[in-house]
Each structure stands twice: as C-alpha cells, then as structure tokens.
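[1] Provide a 3D model corresponding to the input given below.
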Amino acid sequence: MANNAIFARLSNLWTGFISLWVSDIEKDHPEIAYQNAISSMVNKYAQLKSATGAIIARRQDITERLKQHERDLASVNADLDTAVATNQDDLAVLLIQKKNTLEAAITDLRAEATQATTDADTAKESLMQVKSEIDKLKAEKDRMLAQMQSAQARLTIQGQLDGLSVDAEVQALDTVRDHIKSQVAQASLGAELQSSDLDVRLNKLRQSSGGITAKAQLDALKQARAAAQAAPAKSL
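    Next comes the predicted model:
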C-alpha cells in the first residue's frame, strides 16, 4: 500500500512537471495551444455529428413506421366497414382487434416521433453551436497571433530605440563622434595655449617697458640735479 502511494505521488509529480513544461512551450508557441484546442473541438464535433446522425436516423425510422401504421389503420377501417356492411361478424371482430392494436401502436409511435424530433433538433443545435465555437476559435487564433506578432515587432523597435539592440554601424558612429570631439578639443587647446603664450609675452613687454620708463625718469632726475648744482657756480 505504501509503495502504491509513493508511485501515485511520483506519477502526479511527473504529470505536474509535464504540464508545466507543455505550458511553457505553449506560451512560447501559442499557435500550438490554439491548434490543440481547435483539434479537440473538431474531434468533439465529429463525435457529436455521428451521434446526431444516429438520432436523425431513428427519427426517420419512427416516422416511417408511424406512416405505415396509419396506412394499415386506414386499410383496416375500410375492411371493417365492409365486414360490418356484409354482416361478417367474425371477420369484423378480428378487424376490430387489429384496429385497436394499430391505434395503440400509433399512439406510442407518435409520442416516440415527438421525442425523436425534439432529440434531433437539440442535437442539431448542439452541432451548430460546436461548429460556431470552432469558427470563433479559428478567428481568435488568427487575431491573437496577429496581435502577438505586432507586439513582438513593437518590442523589437522599442529595444532598438532604447539602445538594447544597437547595430555595429551605430557603434562605429559612436567611435567617430568621440574622435571628432577629441579633435575639436585638441584644436581648442592649441588656441588656448597660443592665447596664453601671447599673454605671457605681453606681460614681459609691459614689465620691460616699466623698467625703461623708470630708468629714463632716473636719468632726468640726475640731469636736473646736475643742472641745479651748476647754476650757483656760474653766478659766482
């Protein structure tokens, strides 16, 4: 008993794994799931169609038997009228018994025919409903697969726009952009260095000019002082 329970649990576990595996496959390939469902519905339709055919055949058989009994009853009634008219009482009794039997059978057949007609109509409605469900499922399959393909295309485009799928050409452009930026930066640096060198030279020039101006001022002071000293001597 314990072994049977273990085997049953292992069987259920394996069935569960298989179900999950099949479910994952169907998620990746929904057309398989739809086709399996459609195939199941088609099989159901075939079985129901066979059963409906049998029900309709039974209804037709009952209808034919009912019609034959009604023809037989009409014939018996005609014979009974003749037997009564010709005073053939023994034959009339037999015909009355046969009439009663036929009338009872006709009553039963009419009830069976009514039920058979109802069964046939119900079966045909069920058959049409299954056929309609199959058509709906096929249309849904086409619609949903088209929606999935459209969604996948949008995701691909979004991935490319988000940089999740960059081609080698686009990556090469990034390299070119970086190189151009580097060249521009180097050119700017050269201009800045040239500007800095000019500033340095101007500062030196200004410093040099300042020294020359101060020396000239010193020479002027010395000349003025010498002239002042020479002026009293001349007056003596």
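
[2] Pop the domain breakdown of this protein in here.
    Using automatic domain parsing, the domain parsing of the chain gives 2-165, 168-236.

[3] Tell me which of those domains sits most buried.
    Of these, the one with the most neighbours on average (mean count of other CB atoms under 10 Å) is domain 2-165, at a mean of 13. Heads up, the C-betas are built off the backbone N, CA and C, glycines and all.

[4] Give me the helices and strands touching the lengthiest helix in the chain, please.
    Identified as the longest helix of the chain according to DSSP state H is helix 89-161. Applying 3 or more CB pairs under 8 Å, 6 or more residues apart in numbering; DSSP states H and E, we find helix 89-161 packed against helix 30-85.

[5] The helix it packs on - contacts with which helices or strands?
    Against helix 30-85 (3+ CB pairs under 8 Å, 6+ apart) you get helix 2-28, helix 89-161.

[6] ok, back up a step: and the domains of the chain as a markdown table, adding mean pLDDT?
    Below are the domains of the chain laid out as a markdown table (pLDDT from 0 to 100):
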| stretch | mean pLDDT |
| --- | --- |
| domain 2-165 | 83 |
| domain 168-236 | 69 |
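
[7] Phi and psi next, for residue 86.
    Note on residue 86: backbone dihedrals following degrees, to the nearest 10 are phi -100, psi 10.

[8] OK, contacts around the closest residue to residue 89 other than its chain neighbours?
    Nearest residue to residue 89, sequence neighbours excluded (CB to CB, 6 or more residues apart in numbering): residue 83, at 7.7 Å. Applying CB atoms under 8 Å, 6 or more residues apart in numbering, we find residue 83 in contact with 89, 91, 92, 95.

[9] Go ahead and confirm the last one touches residue 76.
    Yes - shown here, residue 95 and residue 76 form a contact pair, counting by CB atoms under 8 Å, at 5.6 Å.

[10] follow-up on the earlier one: what's the distance between the residue nearest to residue 89 and residue 94?
    9 Å (CB to CB, to the nearest Å).

[11] How about residue 159?
    With CB to CB as the criterion, residue 159 and residue 94 are 95 Å apart.

[12] leaving aside the residues next to it on the chain, what's closest to the residue most central in space within the chain?
    Closest to where the C-alpha atoms of the chain average out (CA atoms, centre = their mean) is residue 148, at 3.3 Å. Leaving out its chain neighbours, the residue that sits closest to residue 148 by CB to CB, 6+ apart is residue 30, at 6.4 Å.

[13] So that neighbour is in contact with residue 149, correct?
    No - between residue 30 and residue 149 there is no contact under CB under 8 Å: 10.6 Å.

[14] quick one: contacts for the closest residue to residue 105 other than its chain neighbours?
    The shortest distance from residue 105 to any non-neighbouring residue, by CB to CB, 6+ apart, is to residue 69 (5.5 Å). When contacts are counted by CB under 8 Å, 6+ apart, residue 69 is found next to 102, 105, 106, 109.

[15] I'd like the residues you listed written out as CSV, with distance to residue 126 added.
    Formatted as CSV, the contacts of residue 69 follow (distance: CB to CB, whole Å):
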residue, distance to residue 126
102, 35
105, 31
106, 30
109, 25
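
[16] Out of those residues, which comes closest to residue 227?
    Taking CB to CB as the measure, residue 227 sits nearest to residue 109 out of the contacts of residue 69, at 165.4 Å.
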